[in-house]
Structures are given as C-alpha cells and as structure tokens.
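**Student:** Provided below are the primary sequence and the corresponding predicted coordinates.
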Amino acid sequence: MIDRYVKYFGCAAILLAVIALVGCGQEEPASPATSEPTAAVQPSPEAMEATAAPTTTEATAMDNQGVSRLQTVRDRGTLICSSNNSLAGFGFLDSGGNTVGFDIDLCRAVAAAVLGNPDAVEFRPTTAAERGPAIQSGEVDIMSRNTTWTSSRDAAWGNFAQTMFFDGQGFMIPKSLGVTSMMELRDAKICVQQGTTTELNIQDFDNQNAMNFDILTFPDNVSSNEAYISGQCDSLTTDRSGLVSTRAGFDNPDDHTILPGTISEEPLGPVVPHGDDQWYDVVKTVMAILIYAEAYGVTSDSVPAAATGNTKVDRLMGLEGSFGQEALGLSNTVAQDVIRGVGNYGEIYDRHLIPLGLERDGSRNALWANAPCADCPRGGQIYAAPLR
Amino acid sequence: MQNPETTLPSILTYQGIPVWRHAQIIQWVAQIASAILVVALVMWFFGNMAFAIEDREIPFGFSFLGREYQTPIGEHVLPYKSSDSFLYALVVAATNTLVVAVIGVILATLLGIFIGVCRLSTNWIVSKLATVYIEFFRNVPLLIQLFFWFYIILALPRVREGYVILDGLYVNNAGISFPGPSASGTMPALVWLALVVAAVVVGVFLHHRLVRREEEIGRPSYPFVLGCVATVGIAAIAWLVLSGIFGDAPFSISMPAPEGRFGRIDGGVTVRAGMLVLLVGLVIYTSSFIAEIVRAGIQSVGRGQTEAARALGLSPMNTLRQGTFPQALRVIIPPWISQCLNLTKNSSLGGVVGYTDLTNVAITMTQTAPAINIFLMLMAAYLAMSLTWSLIGNLYNRRIGFTG
C-alpha cells in the first residue's frame, strides 16, 4: 500500500521536475542570468558598468543577449581573431613567434579602432575547413584569413565586410615538366587544400574542360605543399597570391612556375559573425579608414595631431566634423588610432606582400583613387564607401 | 512498546525506519535526483544549441542531402562524380572508412597475434624484438606515427621515376598499383558476384551437412573438400554461362600502365598513398595493443594445459593451435572488440594524411551545408559502425564461450 504511494510520489516528482525544467528552458533566452535585458535598451553608463562583468574570456553564443559585440570586446579587452598561421605574407608566424601578415594587420586595425591598442588581439589559428563553424558559432569576433567572399558563405557563415585583396585561382608546376598553359594540364594529378573555394573551382574546371584530373586533397597548406614538393602531384592549385607566397618559401623557388591565367574570382576579406549590425558596420568602417588614409596620403608617420586645413583629412582624423563615429560607437579620433597602430592600406600591403613579389602597381589591388584620370578604368579595385 | 528514540513523527518514518536511513527511499531519491540531472543537462545542451541556431541564423535542416555535392573526393572505392548528391557522397565516404576499418582490423589482428606469440617465444631475440615493437608503437601517439609514415611514403620516388616490379606492380609516392579485376559491364559483374555469394552459401551448407553425416555414420565424408568443390564449381559454371549470354567474361584482368604526359598510372588497382599511410599507421598501432591482449590471453590459460598437451606428444605449434589458443580466445575476444572499435574510430584521422574518410569528407561538407546536422549524422554513422563491430564480436564471443 505505502509502496504504491512511494511509486506515485516518485513518478509525480519526476514529472514535476520535467515540467519545471521545460518552463525554465523556455525562459532562459529571455532572461539571461548574467545581465539585465533592460541594459541593452537603455545603455546608461551605470547599467553598462553593472552588467559588464567580464566573467568569461570566450565570446560564446550567450554574449549577444543584451550586450553588443562591440561592448563585449571592450569588456574583454582583447579582440578574438580567427587567423591563418602558415601562409607567408597573409598570416604566419615569423622567426620571433609573432603572428604577422596582411590579414593579421586587418585584425590589428580593428583592435586599434575598438580598444586603442593594435596588439590587444588574441589570434586563433584555424584550418580552412574549421574556419566556417568558428565564425558561424560566434566563437570569434572576426575572421581575417584569406577567405573568399561567396554568396553561400555570406548566407551561412557571417557577413563579409569588404574585399581587401582581389585574387584568382592559378596553378603552379615544376618548370622541368615544360607545361606553359593551364589547358596542357590534362591527366595531371593536382594537390588542393580541402574546405576551400579552390577545391570547388578545380572540380568545375575539370568538368567543363574534361581535364581528367586526379585531385588530391589535404587538410592544410603545409601538407599540400609537402605533397607537391615531393612530386606526389604534378601541380599545386590555390589563389595566385597563395602560390606566390608558397613558392617564396621553397628551397629552389626558381624551379617552379605559376601558369598564366586564373580559373576563378577570389575576392578576399574579413568576415564578422551574423546577428550584430553595429559590429559589422564598425569593421567595414575600419577597412574604409585604411583605404581612405592611403588615398589622402596619411601614413603612420604623418598622422596629424591638429587640424591641417584639408577638410577630407581633418574629417577622417576626427579633427573636424564627423563621419558617423558616434553612431558607430567609436571614438572621434578612431582613424588616428588605426593609422598610428598599423598604417594605411598601402603601408600594410608594402610591408607584407611586396617582399613576396606581389606587385601592386597596375594590379587590381591598386587604389581606384590612383587612376590616371577621374573615370578611366586603369585604377585598381581597392575602393570603399565614402567616410562622411 | 516503542523505543523512545524511534518515536519520530509518522511523516518522517516509513515502515518504522527514519526516511533518511530507509534503503528503498534513499534509492528512490537518488534515482529521481539523477534523472532530473540528466534531463536538465540534455535540455541545457539542446536549449543552448537551439538558442545559438536562432541567434546566429545558423542554417539547420537536412534538405542539403539531396543537393549536388560538387566537391571532389580524391579517393573513392565506390564510383563517384561531382554531380552526385550529398547523401551519396556521404555513402561513398562511409564506404572509404569501412574499407579501411575492415582491412585494418584483419591485418592488425593477424599481425597482433603474430607479435603477441613472438613475445612469449622462448627465443630471446624474438621475444625482445616483439617487446620493443609493442612498447614503441603502443606509446607513441597515433597522429605522430601517421605523419611519420606520411613522410616515409613521400620519400619514395615520384610517379615518373617510380619502381616497376615484375611488370605490372608499380610503387611510387602516389601509391601502389597492381593488376586487378575490371568489370566488363555492371550487369554481368553484379549477377556473377551474386551467384558467387550463393555458391559460398551452398558450400557452407554442404560442409555443415557432411560434418554431421561424418559424426553420425562414423565414416569420412570429406566435408571441406566437397564444400570447396561445390563453391568453385558453381562459380565456374556461372562464369561460363554468363560469358555465353553476354558474349564477354564478367571480369577481365586490367594491367596498370602509365597514361598521359604526366605518366599517371591508370588501370589495375591502385592503393593510393593516403590509404596506404592510414592503413600502415592504424595496423601497426593497433597490432601492438592486440599483441598484448593475445599475450595476456595465452598466459591466462593454466600451465597444466600446456604440460598436458606436451605430454600427449603435441608439437609446440600444435600445443598453441589446438590447446592453448582456443582457450585463450575467451579472454582475448572482449578486449579485442574494443580494439576493433578503436581502429574504426581512429580512421577518422585519415584526413591529415590526405585520405578521404568519412570525417574528412563531412568536415569539408560543412563549407556548403549546415555543420550541426552534418556532425549529428557523423556521430550516428560512427555509432552504427561501432555497434556493428560490438554485435559481431559478441556473437562470436557467445559461440566460443563456455556452454552448458
């Protein structure tokens, strides 16, 4: 008799517990344990102070409830940047163990703008195949990792801020094979890095031209380069900039040639997670600052401290008027921090990509503003939304 | 009369025992608490996932399975072209994993038994070599071993300068090519393979019946020989009949040969470098564990068994084959099953050496399809494979276990 009561009691307790948990589970997203939902609506300084408890160093999915990513990054004090660490010129480790490169400096520019310190960046090296889920989950604040802007990535991964490097896919081949054009690669074995647009493009190229390729995929460029050098495949394919960078690292770079022509469009640029328009706008604006600083001739050594009389320069530097810094949540002199921290677009390019042999003059990566005449199509494609 | 110490209010007692010391109640409370904990944890995980999916607009759903995959899969046992669907690409990749798992388990078991027996050898050199082998390969991480074999294979000569052994056996850093069967058409090949399976079933059945007959009437009935004759006979007749019907033999031998301006080896069967590296790494690593399992199994059989077998005049080899080993199997099989599982799961490292196994392809798929769904499917696939291994192993274990 009493046994039966015990059983009823047990079942009822479990049922109640489940119901209670379902209730809690539904409430959870609405009222996060760490912050008052009102804080987001009325961002008074006190409320922000109170809720800004930097208890975690991770930018987890929960951060976005009520607190913007800009605020999260400021509270954390570092920018988390998904990067490459094995592509010379774009993102790699130098002999001193520092992460350096073109893509790396784009992250540093954002850190300089948001935190006032270009070194306040935590770099998270990711492989090509890992990078999608990392930015998708919002685990990182920004991804700057020689990533091609495509519509499906834009839809699935995050928002592409701005094309900072225009590229196309090419082929490298040992000179000893005597191949001079891409169409002569029929029946070749091709090494490619998996999880890249190049992997998809090579398949398209193969299908379209009946190239009968034998395609070998590798998880990172270290192993695909190794396989190419040892002759496991006849040709290595990736973005031409990547090929130039890879070849520069070979023992005998002159034994290899990059075939003329490209088989795809590869616009590369930084990506931010979906779901935070302010953060997306901040990153786009920082990229525009880098480009316009070069167009206006402001370099890291010549950042003006007082008004120069040139309206465009003064507005950019926060010495006169505004280009919307306040609305974006940035300081008025954000451009000064950025340019002092990392230099303008041209300086970043010269520092990292010129030594590899990626010529800029006359290429698509020259400034549009440097075109010889106002409308002639000779300038490059580096161009951003006006800062005003 | 009740003891004054136990006169607690009735709500605090149950069958005269305070509730906090009553075994049945304690058990119930523990059950409920753990149930709540498990439910809460699961709900928290799923709640978090659901929240993230909504908040970050992460795509979720299985509709991608019917779309064209459009990505190359370097090595594939099943036929594959880039216009095949995601679902079929996953099947191709799972087959790649299964091939490595099955071949790997067979080779690792054979090698493991050999090394394990060597370790028990009375020959000092053989026993010490086996010990060194086991201790070395068991204690170095598999990933590092895989890289080691990867670079060893890369150091082989390139395709155009590769070794040609015995006309038709090509060894180079892209893999090993050897002559193999080539189907003249899908239909005759499939029909013949189906008939071969039928022939094997007939052979096994015949063997079974003849063994029983031998036991019943006590006269030799040659079950093994007759079983083999039946199988081979049916297969051969099927071959001839199919050749007559289709005008072409179901299979012919295809010889590998260099093709095109880059000297790529086409034709025959090619085990590519990625699969080779993965197989070598997995087999050597797992065999060192199986060797120890085998040693433990053999040593668990009482000394008296060996002595009895020797007293009957059995040779050391026969002592092992007919005396010790069958008894040791009972100890060997359960841990051996977990090594089979380990090998299957470890094959997920194939991607690092360029083998397109299931994990490798699934990770590549996350580029163009929802990652969460892909990983759920990936987990389900490995779970299914592992449970299948467990089932096979447990059935075998039951067969060889003590009965009656």
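**Tutor:** Received it, and whenever you're ready, just let me know what you need.

**Student:** Enumerate every residue touching the spatially most central residue of chain A.
**Tutor:** Of all residues in chain A, the one closest to the mean position by CA atoms, centre = their mean is A:Ser144, 2.0 Å from it. A:Ser144 sits next to A:Cys81, A:Ser82, A:Ser83, A:Gly91, A:Asp103, A:Ile104, A:Leu106, A:Cys107, A:Gly269, A:Pro270, A:Val271 when contact means CB atoms under 8 Å, 6 or more residues apart in numbering or on different chains. All C-beta spots, glycine's among them, are computed from the backbone N, C-alpha and C.

**Student:** Among the residues you listed, which ones are in helices?
**Tutor:** Taking DSSP state H, the ones among these that sit in helices are A:Asp103, A:Ile104, A:Leu106, A:Cys107.

**Student:** CA atoms of the helix or strand where A:Arg74 lies as CSV?
**Tutor:** Element membership for A:Arg74 (DSSP states H and E) is helix A:69-76. In CSV, the C-alpha atoms belonging to helix A:69-76 read as follows (Å, rounded to 0.1, in the frame of the first residue of the first chain):
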residue,chain,number,x,y,z
ARG,A,69,29.7,42.5,-29.6
LEU,A,70,31.4,45.9,-29.5
GLN,A,71,30.8,46.1,-25.8
THR,A,72,31.7,42.5,-25.3
VAL,A,73,35.1,43.1,-27.0
ARG,A,74,35.7,46.2,-24.9
ASP,A,75,34.8,44.4,-21.7
ARG,A,76,37.1,41.5,-22.6
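
**Student:** Please identify the buried residues of that helix?
**Tutor:** Across helix A:69-76, burial judged by 16 or more other CB atoms under 10 Å in any protein chain shown covers A:Arg69, A:Leu70, A:Gln71, A:Thr72, A:Val73, A:Arg74, A:Asp75, A:Arg76.

**Student:** now stretch B:319-327
**Tutor:** Applying a neighbour-count criterion of 16+ other CB under 10 Å, one finds B:Thr319, B:Leu320, B:Gly323, B:Thr324, B:Phe325, B:Gln327 buried in stretch B:319-327.

**Student:** With stretch B:51-71 instead?
**Tutor:** Those would be B:Phe51, B:Ala52, B:Ile53, B:Asp55, B:Arg56, B:Ile58, B:Pro59, B:Phe64, B:Leu65, B:Tyr69, B:Gln70, B:Thr71, for stretch B:51-71 by 16+ other CB under 10 Å.

**Student:** try stretch A:276-292
**Tutor:** Buried positions in stretch A:276-292, judged by neighbour count with 16+ other CB under 10 Å: A:276, A:279-292.

**Student:** Convert the C-alpha atoms of it to CSV, please.
**Tutor:** Provided in CSV are the C-alpha atoms of stretch A:276-292 (Å, rounded to 0.1, in the frame of the first residue of the first chain):
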residue,chain,number,x,y,z
ASP,A,276,25.2,42.2,-34.9
ASP,A,277,24.8,45.1,-37.4
GLN,A,278,26.8,47.6,-35.4
TRP,A,279,29.8,45.3,-35.2
TYR,A,280,29.5,44.6,-39.0
ASP,A,281,29.4,48.4,-39.6
VAL,A,282,32.4,49.0,-37.3
VAL,A,283,34.6,46.5,-39.2
LYS,A,284,33.5,47.9,-42.6
THR,A,285,34.4,51.4,-41.4
VAL,A,286,37.8,50.4,-40.2
MET,A,287,38.6,48.8,-43.6
ALA,A,288,37.4,52.1,-45.2
ILE,A,289,39.7,54.1,-42.9
LEU,A,290,42.7,52.1,-44.1
ILE,A,291,41.8,52.7,-47.7
TYR,A,292,41.0,56.4,-47.4
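
**Student:** near chain B, anything from it?
**Tutor:** No - using CB under 8 Å from any CB of the partner chain, stretch A:276-292 never reaches chain B; the gap is at least 9.6 Å.

**Student:** Residues of the stretch 101-250 of chain B that sit close to chain A?
**Tutor:** Applying CB under 8 Å from any CB, we find that the stretch 101-250 of chain B lies next to chain A at B:Phe150, B:Tyr151, B:Leu154, B:Ala155, B:Arg158, B:Val159, B:Arg160, B:Asn173, B:Ala174.

**Student:** what number of residues lie near the fourth one?
**Tutor:** What that stands for is B:Ala155. Close neighbours of B:Ala155, defined as other CB atoms under 10 Å in any protein chain shown, add up to 9.

**Student:** Next, it: phi, psi?
**Tutor:** phi -80, psi -10 (degrees, to the nearest 10).

**Student:** That one touches B:Asn173, doesn't it?
**Tutor:** Yes - using CB atoms under 8 Å, B:Ala155 is in contact with B:Asn173, at 7.3 Å.

**Student:** any common contacting residues for the two?
**Tutor:** Counting by CB under 8 Å, 6+ apart, the contacts common to B:Ala155 and B:Asn173 are A:Ser230.

**Student:** Out of the contacts of A:Ser144, flag the one nearest to chain B.
**Tutor:** The closest of those to chain B turns out to be A:Val271 (CB to the nearest CB; 12.8 Å).

**Student:** ok now do the closest one, which residues does it touch?
**Tutor:** A:Ile135, A:Ile142, A:Met143, A:Ser144, A:Thr147, A:Arg153, A:Trp157, A:Gly158, A:Asn159, A:Phe160, A:Ala161.

**Student:** May I have the predicted confidence score for the fourth one?
**Tutor:** At A:Ser144, the pLDDT value in this model is 95.

**Student:** Can you pull out the residues in contact with stretch A:355-375?
**Tutor:** Identification of contacts with stretch A:355-375 by CB under 8 Å, 6+ apart yields A:88-89, A:165-166, A:241, A:244-245, A:248, A:291, A:294-295, A:345-346, A:349-350, A:353-354, A:377-383.

**Student:** List the contacts of B:Val126.
**Tutor:** For B:Val126, the contacting residues are B:Cys118, by CB under 8 Å, 6+ apart.

**Student:** Could you check how far it is from chain A?
**Tutor:** Distance of B:Val126 to chain A, given as CB to the nearest CB, to the nearest Å: 36 Å.

**Student:** how much distance is there from the strand or helix carrying that residue to the middle of the chain?
**Tutor:** Here B:Val126 sits within helix B:124-139, counting by DSSP H and E. Computed by CA atoms, centre = their mean, to the nearest Å, the chain-centroid distance of helix B:124-139 equals 24 Å.

**Student:** and if you look at stretch A:304-316?
**Tutor:** In terms of CA atoms, centre = their mean, the centre of stretch A:304-316 is set 30 Å apart from its chain centre.
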